[in-house]
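Peer 1: Here is my input, please return the structure:
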Amino acid sequence: MTLKETLEFIDSYSCPYKHYDLSRVYTLLELLGNPHKKLKFIHVTGTNGKGSTCAMIASILRKAGYRTALFTSPHILRYNERMQINGEQIPDDDLVRITEAVRNAIDQTEEKVNWFEMVMCTALCWFAEKEAEIVLFEVGVGGLLDGTNVIDVPECAVITNIGLDHTGQLGDTVEEIAAVKSGIIKKNGTAVIYRGSPSVEKVIEDRCAEVSASLVKADFDSIRFISQDIFGQTFDVCGYEALHIPLTGEHQRKNTCVALNVIKVLRDKGWIITDENIREGLEATVWPVRMEVVSKDPLFIIDGGHNPQCAHAIADALTELLPTGTRIVFMTGIMADKNYEEFMRILSTVSKEFVTVAADYHRALSADDLAEFIDSLGLHATMCSTVEEAIRTAIELADGGAVCCAGSLYLAGEARAVFSSDTSLERLV
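Peer 2: Residues are numbered from 1 along each chain as shown. Presented below is the predicted three-dimensional model:
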C-alpha cells in the first residue's frame, strides 16, 4: 500500500463496536506474533488527565535513558501522533508496512476487531519491532473490556481523575464508571490513583482487594504552590522542591503528583530513575492543546477539554492566569453526545461572549444549534461556518483580550493546525 492508500484504509475501516469480550483481539494479536508479550507497560485509564499524566511519565523515563513508547488518542494534527517512541512519531514507511500486515491478519479472522483495536495492534507491532523498553499505554474507553486490557500485569496500573463521560458504555454514576476502569488492575499488580470521592475510592479499593493488588493514592496534601503564568507553573510536591512543568492549572499539579507516585513504584521495582531525571523530564513535558498558548499577541489559548470537569479546570485556570478584567471570548464547538449544556454553563462563569463552529467530525453538534443554546442562557453567541472564520471573529471580539478555544479535541486540532500552518495572523485578523 502507498501512504495515501494506508490512510484511506484507516479512515474507512469500520466494524461494529463490541464491548463484551476481548477474544477477537487476542486472535488478531496471535496472528501478529503476540507483540504485547514482548513489552512492559504502564497502563493508564481515567476520564481526564490520562494524556498529560502519560506525557509526564514518558518524558521522565526518556530522561532516564529508557526507550519509551507512548500510545494515546485521539490525534491532534496527524494520525501518526497516536504512536511514538522517545517523542518521535511512527515514520510513514513503518506505518504503511505495519498497517498492511495488520490488515492482512484481520482478513484471516472471522470476528473483526473494532477501529481502535486495529490501531492499537498496529502500535504494539511497531513498539515490539523497535524493542521499546516501556510503553505508556492509554485506554480507549473504560478499562475492563477495552482493547488495551489484553496485556498481562503491567508495571503499574494508573487511574486518573474519574468523572461522568461515555455513560452509555460505562455506566450512569462515577462509581459504576470506576468499577469498569478499575478492571485494568490485575492480580498481584500495583495501582496508583488520582484521589476522588470516598465512594469512588472504595470501588477501586475493593477491586485491589479482590485481585490482591497494592494500591497507592496520590498525596495531594504534599502539593505546595509557588508561582504560575500562562506558560507553566512551579510548585513543591511529593518531597520535591520547586518542580516546574510547562502546563497550567491545579489539575496539572495533581496529575504531576500521580506521575511521581508512578515513578516511585517503578523505582521500587528496580527501574533506575534519578531525581535529576524527574526534574528535567517534567520540565521537558510536551502535551499539546492543554491550555496551550499558540499566539501571544493576540493571546490565543487552545484546550481540548470537552466535559464538565474540563470546563471547571479551564475556567479556574483562566481566572488564575489572566489579569482581573481581561476580556475573554470562547471559541467553541463540541460533540453532540457530550454534556454540552453543563459545559457551556460552566464556561459562562468566566465570559458571556462565545463564537461557535462545528469541528469536521460526524458527531459534532452544529454551530447553529450550539449558538441557539448559548443564546438561550442569556449569553451572546456568534455562529461561524469555518474554523478560520471563527478564529478571526473571536480575535476581533476579544479586542486585545484573550481567546480560548475549547470544547473538543477535534476542534482543538483544527485550530492548532491553522496556527501551525503558513497562515499568517495578519490574514486571519
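Peer 1: C-alpha only now, for contacts and for neighbours.
Peer 2: Will do.
Peer 1: for the residue lying closest to E133 once chain neighbours are set aside, phi and psi?
Peer 2: The shortest distance from E133 to any non-neighbouring residue, by Cα to Cα, 6 or more residues apart in numbering, is to R67 (5.2 Å). Note on R67: its backbone torsions stand at phi -80, psi 100 [degrees, to the nearest 10].
Peer 1: can you check S348 too?
Peer 2: phi -70, psi -10.
Peer 1: From the contact counts, what lies against the helix or strand hosting F354?
Peer 2: Assessed by DSSP states H and E, F354 sits inside strand 353-356. With contacts taken as 3 or more Cα pairs under 8 Å, 6 or more residues apart in numbering; DSSP states H and E, strand 353-356 sits against strand 328-332, helix 367-376, strand 380-383, helix 387-398.
Peer 1: So the residue nearest to E133 is in contact with A132, correct?
Peer 2: Yes - with contact defined as Cα atoms under 8 Å, R67 counts as touching A132 (5.2 Å).
Peer 1: Neighbours of the residue nearest to E133, how many?
Peer 2: Each residue near R67 was counted by other Cα atoms under 10 Å, and the total is 19.
Peer 1: same deal with V357?
Peer 2: 28.
Peer 1: Who are the contact partners of L95?
Peer 2: Going by Cα atoms under 8 Å, 6 or more residues apart in numbering, L95 touches T6, N80, T122.
Peer 1: Just the terminal-to-terminal distance for stretch 135-152.
Peer 2: The straight-line separation of the ends of stretch 135-152 (Cα to Cα, to the nearest Å) is 13 Å.
Peer 1: distance between that stretch and the chain's centre?
Peer 2: 14 Å (Cα atoms, centre = their mean, to the nearest Å).
Peer 1: before we move on, back to that, in a markdown table, list the helices and strands packed on strand 353-356 along with mean neighbour count, mean pLDDT and distance to C310.
Peer 2: Below are the helices and strands packed on strand 353-356 laid out as a markdown table (neighbours: other Cα atoms under 10 Å; pLDDT from 0 to 100; distance: least, Cα to Cα, whole Å):
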| stretch | mean neighbour count | mean pLDDT | distance to C310 |
| --- | --- | --- | --- |
| strand 328-332 | 28 | 97 | 13 |
| helix 367-376 | 19 | 96 | 18 |
| strand 380-383 | 21 | 96 | 21 |
| helix 387-398 | 21 | 96 | 21 |
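Peer 1: could those go into CSV alongside distance to D206?
Peer 2: Output for the helices and strands packed on strand 353-356, formatted as CSV (distance: least, Cα to Cα, whole Å):
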stretch, distance to D206
strand 328-332, 40
helix 367-376, 41
strand 380-383, 46
helix 387-398, 46
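Peer 1: so which of those comes closest to I76?
Peer 2: helix 387-398 (14.6 Å; Cα to Cα).
Peer 1: what's the model's confidence in the next helix or strand after that closest one, averaged?
Peer 2: Counting by DSSP H and E, the next helix or strand C-terminal to helix 387-398 is strand 402-406. Here strand 402-406 scores 96 as its mean pLDDT.
Peer 1: Repeat that for stretch 56-76.
Peer 2: Here the average pLDDT along stretch 56-76 is 96.
Peer 1: quick one: it to chain centroid distance?
Peer 2: Counting by Cα atoms, centre = their mean, stretch 56-76 is centred 13 Å from the centre of its parent chain.
Peer 1: wait, which of the helices and strands packed on strand 353-356 is closest to Y240?
Peer 2: strand 328-332 (34.9 Å).
Peer 1: and the angle from that closest one to helix 387-398?
Peer 2: Here strand 328-332 points in a direction 160 degrees away from that of helix 387-398 (axes from the mean of the first three to the mean of the last three Cα atoms, to 10 degrees).
Peer 1: Touching strand 328-332 from outside, list them.
Peer 2: 350-357, 390-391, 394-395, 397-398, 401-408, 411.
Peer 1: Please give me every residue in contact with the spatially most central residue of the chain.
Peer 2: The C-alpha lying nearest the average C-alpha coordinate of the chain belongs to G51 (Cα atoms, centre = their mean; 3.4 Å). Going by Cα under 8 Å, 6+ apart, G51 touches T72, E138, W287.
Peer 1: Equivalent analysis for G142, please.
Peer 2: So G142 contacts T45, G46, L170, I177, V180, K181 (Cα under 8 Å, 6+ apart).
Peer 1: returning to that earlier point: out of the contacts of L95, which is nearest to R224?
Peer 2: N80 (37.2 Å).
Peer 1: Look at R427 and report its pLDDT.
Peer 2: Reading off the model, R427 has pLDDT 53.
Peer 1: Apologies, that question was intended for D21.
Peer 2: 80.
Peer 1: count of residues packed around L29?
Peer 2: 23.
Peer 1: so which helix or strand takes in it?
Peer 2: Per DSSP H and E: helix 23-31 holds L29.
Peer 1: Understood, closing this out.
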